[in-house]
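Trainee: Requesting a structural model of the entry that follows:
(chains A, B and C)
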Amino acid sequence: MAEFKHKHIIALRDLSKEDIELLISTAESMREVNSRDIKKVPTLRGKTIINLFYESSTRTRTSFEIAGKRLSADTVNIAPSNSSATKGETLSDTALNLLAMKPDIIVMRHAVSGSHYFLAEKVNCSIINAGDGAHEHPSQGLLDMLTMKDRFGRLDGLKVAIVGDITHSRVARSDIQGLTKMGSSIYLAGPPTMMPPGVERLGNVTVCSNMKEAIQDADVVMMLRIQQERQGKTLMPNTREYSRYFGLNPENIKLAKPNAMVMHPGPINRGVEMSSHVVDGDQSWILKQVENGVAVRMSMLYHVCGGELE
Amino acid sequence: MSTEQTVILDSAGVKRALTRIAHEILERNKGVSGVVLIGIRSGGVFLADGIAQQIGIIEGDAVPVGSVDITLYRDDISGQLPHQPVGKTDIPFSLEGKKVVLVDDVLFTGRTIRAAMDALMDYGRPRCIQLAVLIDRGHRELPIRADYVGRNVPTSLKENVRVTFDSNNQPIEVVLEK
Amino acid sequence: MSLLIKGGRVIDPSQNLDDALDVLVENGVVIEIGKSLAASSEAKIIDASGKYVVPGLIDMHVHLRDPGLEYKEDIVSGTRAAVSGGFTSVCCMPNTKPTIDNKAVASYIINKAKTEGSCNVFPVGSITYGLNGDRMAEMGELKESGCVAVSDDGKPVTNSELMRRSLQYAAGIGIMVISHAEELELVGEGVMNEGFTSTELGLKGIPAVAEDIATSRDIMLAEYNGNPIHIAHVSTKGSVRIIREAKARGVRVTCETAPHYFTLTDDAVRGYNTNAKMNPPLRGSDDVSAIKEGLRDGTIDCIATDHAPHHIDEKDVEFNVAMNGIIGLETSLPLSLKLVEDGILTLNQMVEKMSCKPSEILALNRGTLKAGAAADITVIDPSLEWIVEADKLASKSKNSPWLGQKMKGAAVATIVAGNLKFVR
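Mentor: Okay, here's the model as predicted:
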């Protein structure tokens, strides 16, 4: 199998199909470590990983932290408060200060799209993107693909519906970039106010005029988080009406294939984008996604530590 | 530049060696009770299957076989080379109190065996670990010795010993390349 | 003090000239244009054979950052950048610290430019005090102190009533209002043009309609009042169409665009390039085509640079945090000459848009080589090839999207009031 030749993992757009296959296959092996009594291997012993989270995210940060620890790396969490980041030290200066501590990997979440490319120019360690603005969230994209592969044994030829606020979703972008490379077809649905221009050109994407069209005969139904605060006042009347047209419930899930799986990047707003019946139902793979998150992040940490081939 | 190849063992030779190792394992452990075989990915796994098959024929009793991938336990992981894909470790039984026979194709520096033993320890506490190899080519860098050896082959450091398998994972031959 | 520019191709749209001629300058004014002119023995001779000799270029939209933001640029460095780029006059925008909203600041700029600057500097005063969009600045005093226009450039006058009254009041005084056309609610937190690139990069988009609506409003206000108006940095297809239609109806509207709007698309933002971040943002290829067509058919009157120097610390940051704007004085001429090479503009049209029209719109009394006119002259080598290099730019700031790229054409002599201020 191919070797991984990237120093950083910033966007699935930058990776080839072979890279993604390798990351997923390594994650499958990492899962075995997570199933042992002693959930730890010495692989990254002596390596230092800094989790630099400019946006709070308990689950992604914890997942990366556990992944690092299971590989025996030393992980440190830093959460610069938003106020100090905007008023005080620049990202550039923060990066240089962190570099003085000689980390091997910086895992960063940042509100500004593209910040990781900026950071990568400033530092000599590996950078892993744990989410940047509305750009990408590659670890989520990879764990979504691993979970789909768990269910169907393949990604090629799957019909994947993604429903919600595509404009502001980095998860949707990583899923589109990754799934397109792996041969899946993506069907998007959401209010037109949440559908960014030209999104059909991002990959093997069909923009549907309503939710039914998107989930009809789908293998996978991926629901995105909707929040009144985040989507603002101008994109929809309220979550009640949103839920009527774009919520997944025991009725419309029947439009998808009988063995379809339901996914959500979390955290879920029960009763808004998904009814509790669906969240907790037989078709839900949401907890499996979380479980796969650790394995995928172990795979990412392992491969970026392998350095770059000239 | 073409490499010169010498066949050290052909497939019949490999089979004879595995049969002998099977006998030795049984003799030393007084039967199969409590014995498990763990092959090191990937060549060692196929050989472990071969030994288990012979044990089955001799004793009429099956011996459990597992596999271990040592990639995550390597001591040269911090090098700047791209990391190798990680294979699966598959040990579908408890190692607690077992007599583990670790199986590999070629014993060289001993570092692979060291990594494999570390991996096994993370799965439980075996009663003992024994080592079976098809070829021992010398040049140890760690204090490790095989309990069962198919063939001792003196080599120089420039040479390479390779065990080839067919598409059914059956050994074809062992070649020495210079 | 006399100067003879010999053998160049003199292009002066103000007198329909395009011929190989000599230009004789004495005491800061043009004396004569003709064949084989003779000069006194002490006259300085410039051999302009193979070169273009044109009325000094005028950039009606620059930010000199002086007073208050001299770490980005000042009058000395900014005017040096201007003459390096072939400009003999620049109009500087009022978003300085303090704002050009009173006589003291305007006089400071004019005096500093006269004593320490390399070219003519005409300040543009603000429409509202402190650019706060709240009440009118003293436009009468601004005009008397030498301001040639008023503008709140950098932000729009959001209050339509205030904009309407400002247009009326300015017309009464006889000073041009330059509109920064932007509908802020539609811009929101956008940082680049809204389109496929913003979708792919996950950056918040600014829709073209945010400019179109504001252009439309200001033209409608000017039309309703019967006042003139000038629209700054036109970047969209919609704005070009709106202005074209208004001109056809007889509205007294003029406008400018900048070289980046006819040279680059929002593709330049890829890689999160902060030197491709400006306001209005780089648009799509349809918009670029429309801008070129607008230049060609005369809808767009002027080429101005919107020269916006920013310190490296303001650009070497995450994309959203980076300041808007790029420097332009030293790259405007070759980029405009490219339009001539590509057959979009004639040389005559280019000179009109970079000299005659700006002078006419702001009544600068320049943009001509007629006998008796101020001897502001630019000598251009159209085939000189050079590379844009940060350490060779005269501007204090280096925020150009063309760093490292090859340019064709450059000013080889820039003459301001008969004085040779720049030679390449």
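Trainee: Secondary structure element for the most centrally placed residue in chain B, which one?
Mentor: In chain B, the centroid-proximal residue (CA atoms, centre = their mean) is B:D104; its distance is 1.3 Å. Secondary structure assigned from DSSP states H and E places B:D104 in strand B:99-107.
Trainee: Any chance you could list what contacts the next helix or strand after that strand?
Mentor: Per DSSP H and E, the first helix or strand lying C-terminal to strand B:99-107 is helix B:111-121. Outside helix B:111-121, the residues that touch it by CB atoms under 8 Å, 6 or more residues apart in numbering or on different chains are A:41-42, B:38, B:40, B:68-70, B:72-76, B:89, B:95, B:100, B:102, B:104, B:107, B:126, B:129, B:131, B:141-142, B:144. In short, each C-beta sits where N, CA and C put it, glycine included.
Trainee: Let me see the contact set for residue 166.
Mentor: Here I'm looking at chain A. So A:I166 contacts A:A172, A:L188, A:G190, A:M194, A:M195, A:P196, A:V199, A:L224 (CB under 8 Å, 6+ apart).
Trainee: try chain B instead
Mentor: Contacts for B:D166 (CB under 8 Å, 6+ apart) come out as B:I172.
Trainee: From B:D90, how far off is it?
Mentor: Remark: distance between B:D166 and B:D90 (CB to CB, to the nearest Å) = 22 Å.
Trainee: mind listing what's buried in stretch C:282-294?
Mentor: The neighbour-count check on stretch C:282-294 (16 or more other CB atoms under 10 Å in any protein chain shown) flags C:L282, C:R283, C:G284, C:D287, C:V288, C:A290, C:I291, C:K292, C:E293, C:G294 as buried.
Trainee: so how far is the strand holding B:D104 off the chain centroid?
Mentor: For strand B:99-107, the separation from the chain centroid amounts to 4 Å (computed by CA atoms, centre = their mean, to the nearest Å).
Trainee: Parallel or antiparallel, list what pairs with it.
Mentor: With DSSP bridges as the test, strand B:99-107 is paired with strand B:35-40 (parallel), strand B:128-136 (parallel).
Trainee: For that strand, the averaged confidence score.
Mentor: Mean pLDDT, strand B:99-107: 96.
Trainee: of all the residues in chain C, which ones are close to chain B?
Mentor: Contact residues, chain C versus chain B (CB under 8 Å from any CB of the partner chain): none.
Trainee: Just give me the neighbour total for residue 265.
Mentor: Since you didn't name a chain, this refers to chain A. Neighbours of A:P265 under the rule other CB atoms under 10 Å in any protein chain shown: 27.
Trainee: right idea, wrong chain: chain C
Mentor: Neighbours of C:T265 (other CB under 10 Å): 20.
Trainee: Likewise for the one 4 residues further on?
Mentor: Counted with other CB under 10 Å, the burial measure for C:V269 works out to 25 neighbours.
Trainee: Tell me the spacing between it and chain A.
Mentor: According to CB to the nearest CB, to the nearest Å, C:V269 stands 9 Å off from chain A.
Trainee: Grab the nearest non-local neighbour of that residue.
Mentor: C:A276 (4.7 Å; CB to CB, 6 or more residues apart in numbering or on different chains).
Trainee: For that neighbour, give me its contacts.
Mentor: By CB under 8 Å, 6+ apart, the neighbours of C:A276 are C:L264, C:D266, C:A268, C:V269, C:L282, C:I326, C:P401.
Trainee: now swap in A:A214 and tell me
Mentor: A:A214 neighbours (CB under 8 Å, 6+ apart): A:A161, A:I162, A:V163, A:Y187, A:L188, A:A189, A:C208.
Trainee: Leaving out chain neighbours, which residue sits closest to it?
Mentor: Nearest residue to A:A214 in three dimensions, chain neighbours excluded: A:A189, at 3.7 Å (CB to CB, 6+ apart).
Trainee: is the one you found in a bridge, and if so with what?
Mentor: Bridge pairing for A:A189 - DSSP bridges - gives A:V163.
Trainee: Nearest residue to C:D306 in space, ignoring adjacent ones along the chain?
Mentor: C:D306 sits nearest to C:A258 (CB to CB, 6+ apart), 4.7 Å away.
Trainee: Tell me how many other residues crowd that neighbour.
Mentor: As a burial measure, C:A258 scores 27 neighbours (other CB under 10 Å).
Trainee: what sits against it?
Mentor: Contacts of C:A258 by CB under 8 Å, 6+ apart are C:H61, C:H233, C:S235, C:I303, C:A304, C:T305, C:D306, C:G328, C:S332.
Trainee: Strands - which of those residues land there?
Mentor: Members of the contacts of C:A258 lying in strands (criterion: DSSP state E): C:H61, C:I303.
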